[in-house]
Structures are given as structure tokens and as C-alpha cells.
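Undergrad: What follows is a predicted structure for the sequence shown.
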Amino acid sequence: MYEWHIGDPVDWGDGFMDPQNWGRGGDGDKDSQDYETSRELKREQYSRKAWDFCNEHKYELALHYINMALDLDSLNAGDWNKKAIILDFMGRYSEAEKCYDTSLGLSPNNLVFDNKARMLRYWAGNLIEESKKKPDGLPTLYDAWEINRRAIDALPGDKSEEDIENYFKQRDTIDFYINYEKEYKKNLEAIKKYTKSELFTIAGMHFYRTGINLSSGMALKLVREPENEFDRDAIAVYAEGEKIGYVANSDYTKYEMTSSASELKDGIQGVAHAEYVVYLDRYADIQFAIGRIVK
């Protein structure tokens, strides 16, 4: 689909004559005034159409008409604000921010400041959710923090109708997730120091509510259970003399960088000494208690 740009014929796809090429018909002031009046009426018509289409959620058409309006008068602050709102609805936040800035540069307005701040806060919120789906969410969270800062800076102080506490709460949320991601990366580095053949995942801990708080370096014992009726390769995990779970024995229950009970069983003659390494936690996808065999 052809994308309209300022400077293209304004009658593109609409059927109106291009006001930029209308003949003035003479050199008098009246002809000039008539031309400017017609031009302004046409701009208002395009601007109204743009807003009607926006309210109908027809954002591509809305963008088309607001661009036509701006081609007739690129110094109209209200139309730049409308374009920013349309782009905001389309999820084109970076472009929307530039349009808000253009509107504010032409005519500072508290409502437009609020519009810009609200858009930026929503954008930052989307980035928080995007960060959770990425292997490394920190860069996206840093972007969200910077956008939230710009949102706070955009608010027109006591003239704002926005609740600034919502912006500060979002900043606190971003700080929380940044620290959460840093903790995950630190814990991931901790297990990368060891080979897969040393590491195991402790499964089934929710079945053994012992009240024991595991901490890094805590001594563990691995005990084979060849007579286990559910899994002949079963290896029980003990801490402080109490059973706390089993070595995970399937791809569904173990972390990918650890070995299964079936892979470890031949190296364990009855009992093996081990230690707790870390709880690896990153949202719902990664929640694993990791231990390692002590040679």
C-alpha cells in the first residue's frame, strides 16, 4: 500500500482537486483571501474526516486524512496532536512522540503535554511485557525506564490532569524487573561454572513441605531408589536428614543445563554427596532448584 507523505498531492485517493495547484485567478487581495479561505476550509474538512475515522478505529484512513490536512497547513498544532493520537492508537509510539513534540513546539498546551505523557507511559508498559518474552529482557527494560522518565518530564506540573503517582509506580515496577533480571543473570552465571554432568534439578519439592530453607552451598545427599515403583532410576534428594524431593528425570521437569536421574544413576553407588547451588527463576518458564554433585 502506498504510504502518503507530506508534499504528495493532497487529492490522493480522495477525488478533490489539489489545493496546492489551484489558480488564484488574479493578483488582487480578494483572490488571495478567497484562496486562503478555501484552503483553510479544506484543511478543516480533512481534519474532521481524520478524527471521525479515528473514532471508528479506522486508523489507516485517519492517518491518510490528517496527513492531507497537514499538507495544507503544516503549522497547525491541533492537527499534529491529532496525528500523534492516531499513531499512538496504531502502536507507532516513536512517531507519535515526534508529532506531539511538533505540536508542542508550535503551541504549548497542557492537554497535549498530558497526551504525550500518557502515550509514553503506555509505551513503557508495553515494553515491560515485551521484556518478559525475550531471552534477555534488560535492554528492553532500560528502554522502558528511559521512556517512563520522558513521560514524567512531559507532565505539566500542577496543571496536569494525570495522576503522577501512576508514573512513579510504573518506574518502581521497572526497577523491580530490572533487579529481577539481574538476579536471574547472576544465578545463571553461577551454574555456568559447572558442567552438565555435575548439575541436577530438584523436582517434587512441593510434595515435601519440610520447612527447610535451602541456601547456596548447603549440603545435600543423593540416595538411589532402585526399588522405586514409579521410576527404577529414581534418586532421592535429602537436606538436613529429610527428603526434600527427587532428581528430575524428564525434560519437562529438569532445567536444560542439568542432567537427569537416568544420566546420573550409574555414577552413584548408593549415596552421593552434593550441594545446593541456586534457585533459577525467570517468570513461569524457568523455575528450577539446582544442585550439583560434589566429587
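TA: Looks like it arrived, so ask away. Not measured: the values here are computed from a predicted model.
Undergrad: For the residue nearest to I290 when sequence neighbours are not counted, give me its contacts.
TA: Nearest residue to I290, sequence neighbours excluded (C-beta to C-beta, 6 or more residues apart in numbering): V277, at 4.6 Å. No exception for glycine: its C-beta is placed from N, CA and C like everyone else's. For V277, the contact set (C-beta atoms under 8 Å, 6 or more residues apart in numbering) comprises A190, I191, Y194, L199, S216, I290, G291, R292.
Undergrad: Which of the residues you listed fall within helices?
TA: Assigned to helices by DSSP state H, the following of these qualify: A190, I191.
Undergrad: What about the contacts of V277, which are in strands?
TA: In this view, the contacts of V277 that belong to strands under DSSP state E are L199, I290, G291, R292.
Undergrad: quick revisit: mind putting the contacts of V277 in a markdown table, pLDDT included?
TA: Converted to a markdown table, the contacts of V277 look like this (pLDDT from 0 to 100):
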| residue | pLDDT |
| --- | --- |
| A190 | 94 |
| I191 | 95 |
| Y194 | 96 |
| L199 | 98 |
| S216 | 95 |
| I290 | 98 |
| G291 | 98 |
| R292 | 97 |
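Undergrad: Quickly check the contacts of V277 for the two that are furthest apart.
TA: Using C-beta to C-beta, those span at most 13.7 Å, a distance reached by L199 and S216.
Undergrad: These two: which is more packed in?
TA: L199 (21 against 11; other C-beta atoms under 10 Å).
Undergrad: Spatially, and excluding backbone neighbours, which residue is closest to that one.
TA: T258 (4.1 Å).
Undergrad: Please state the backbone phi and psi of that neighbour?
TA: With angles defined as degrees, to the nearest 10, T258 sits at phi -120, psi 160.
Undergrad: repeat for K132
TA: phi -70, psi -20.
Undergrad: Strands of the stretch 51-200 of the chain, residue ranges please.
TA: Ranges of strands in the stretch 51-200 of the chain, per DSSP state E, counting those that start in this stretch, are 199-203.
Undergrad: Which pLDDT value does the model give D31?
TA: What the model reports for D31 is a pLDDT of 65.
Undergrad: and what of the one 3 residues further on?
TA: With respect to pLDDT, D34 has a value of 71.
Undergrad: Okay, buried residues for the helix or strand harbouring it please.
TA: Using DSSP states H and E, D34 sits in helix 29-55. By 16 or more other C-beta atoms under 10 Å, the buried positions in helix 29-55 come out as K42, R43, Y46, S47, K49, A50, W51, F53, C54.
Undergrad: R224 and A236, how far apart?
TA: Look at R224 and A236: by C-beta to C-beta, to the nearest Å, they are 8 Å apart.
Undergrad: typo on my end, G267
TA: G267 is 16 Å from A236, by C-beta to C-beta.
Undergrad: Likewise for L106?
TA: Counting by C-beta to C-beta, the gap from L106 to A236 is 72 Å.
Undergrad: Same check on E227?
TA: 12 Å.
Undergrad: and if you look at L188?
TA: In terms of C-beta to C-beta, L188 sits 27 Å off from A236.
Undergrad: Could you check which of these two is surrounded by more residues?
TA: Neighbour count, other C-beta under 10 Å: between L188 and A236, A236 has more, with 19 against 15.
Undergrad: so who does that one touch?
TA: So A236 contacts L222, V223, R224, E225, K243, G245, Y246, V247 (C-beta under 8 Å, 6+ apart).
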